[in-house]
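**Student:** the following comprises the amino acid sequence and a computationally predicted model.
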Amino acid sequence: QLVTDAAPAAPRPLIDSNVSRRPHGLLLVAIPVFLVAWLVIWPIINAIVRTLWRPDETGVIGFNLDSYVFFFSDQYSINNLTITLWTTLMCAILLLVICLPISLYLRFSAGRLPAYVQAMAIFPMFVPSIILAYAFIRVLGPNGMVDIILNSVGLPKIRTPYLTPWGPVIGLVWDNIPLTVLILLSGLGNVANQAIEAARDVGANRLQVFWHIILPRISNSVLVAISFAVLGIFSSFTLPYLLGPASPEMMGPFMNRTFREVNDPLNAITQAVITFCFCIAFGLFYVRSVARNQGK
């Protein structure tokens, strides 16, 4: 009896080379890329060009930095940029202080109470900013609900944060809690219970478990959450306009007032370009950090 050894057949490739060369994938992303280039990239380039190449006093078009020199030499503009940076920093710190414990509790707890806590943490996502501002004024504003309650029990009025720099901070933190909690929860999903149990078995306390086990695994998620919060807060308009002081004001209301009330489009565009530069600097830092983390 003859036994013939047949060589195993070569596995068929999952993706045909002819199919892979077809431009189906490029066609699927062509429309989104075109819209991004048209609605985002082109306006940015146009704004930068309009502020850098424009006529001088003699009418000759050339490289001109007068609008930027005016911005950084004007004390009122510097104050508005400073209050914007301060508000963004305070919001980022408070969001971490508030949302990280909430996310840790939701990740490592079970039962009905964590479900209710998560629902309360996500609830601000469904409240429009204008409604949030109105509720803020009615509760913490002058003669608001807090003042009425304190007056009813014979206590003095509180100093309202309404129309102070802390007004936008409170509103923006409350408005950004849902997204921050969701991003941190997603990162905490990468923390295995076995790693925490192993650390506790060797005698690690809660702080050591958090610092050496949990935090290294969620550092990328923390960076993503802070990045989204900072980019949104730095360019916010509604809450700073309704809750913040008239002077100094954040860059969003400042740009709107310069364009509509002062009727100065050039300086308004300059302010927008400067705001974009701060945002893109932080965005590039985030992209670089994520790329370095993925390369490890």
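**Tutor:** Happy to help now that I have it. Numbers count the residues shown, from 1 in each chain.
**Student:** how about residue 72, what does it touch?
**Tutor:** Residue 72 makes contacts with residue 78, as judged by CB atoms under 8 Å, 6 or more residues apart in numbering. The C-beta positions use only the backbone N, C-alpha and C, and glycine is treated the same way.
**Student:** and it, what element?
**Tutor:** Under the criterion of DSSP states H and E, residue 72 resides in helix 66-73.
**Student:** low-confidence ranges, the stretch 1-150 of the chain, go.
**Tutor:** Within the stretch 1-150 of the chain, the segments meeting pLDDT under 70 span 1-25.
**Student:** you'd agree residue 62 is in a strand?
**Tutor:** Yes. Checked against DSSP: H, G, I helix; E, B strand; the rest coil, residue 62 lies within a strand.
**Student:** wait, doesn't residue 150 sit right on residue 157?
**Tutor:** Yes. Under the criterion of CB atoms under 8 Å, residue 150 makes contact with residue 157 at 6.2 Å.
**Student:** re the thing from before, the helix holding residue 72: how far from the chain's middle?
**Tutor:** Distance, stretch centre to chain centre, for helix 66-73: 28 Å (CA atoms, centre = their mean, to the nearest Å).
**Student:** for that helix, buried residues please.
**Tutor:** Buried positions in helix 66-73, judged by neighbour count with 16 or more other CB atoms under 10 Å: 67, 71.
**Student:** residues contacting residue 78?
**Tutor:** Contacts of residue 78 (CB under 8 Å, 6+ apart): residue 72.
**Student:** ok, it to residue 58 distance?
**Tutor:** Residue 78 sits at a distance of 29 Å from residue 58 (criterion: CB to CB, to the nearest Å).
**Student:** quick one: low-confidence parts of the stretch 151-296 of the chain?
**Tutor:** Along the stretch 151-296 of the chain, segments meeting pLDDT under 70 span 289-290, 292-296.
**Student:** which residues of it fall in helices?
**Tutor:** Secondary structure of the stretch 151-296 of the chain (DSSP state H, counting those that start in this stretch): helices at 166-188, 193-201, 206-209, 215-234, 238-243, 251-260, 265-295.
**Student:** show me which positions of the fourth one end up buried.
**Tutor:** For helix 215-234, burial by neighbour count (16+ other CB under 10 Å) applies to 218, 220-227, 229-234.
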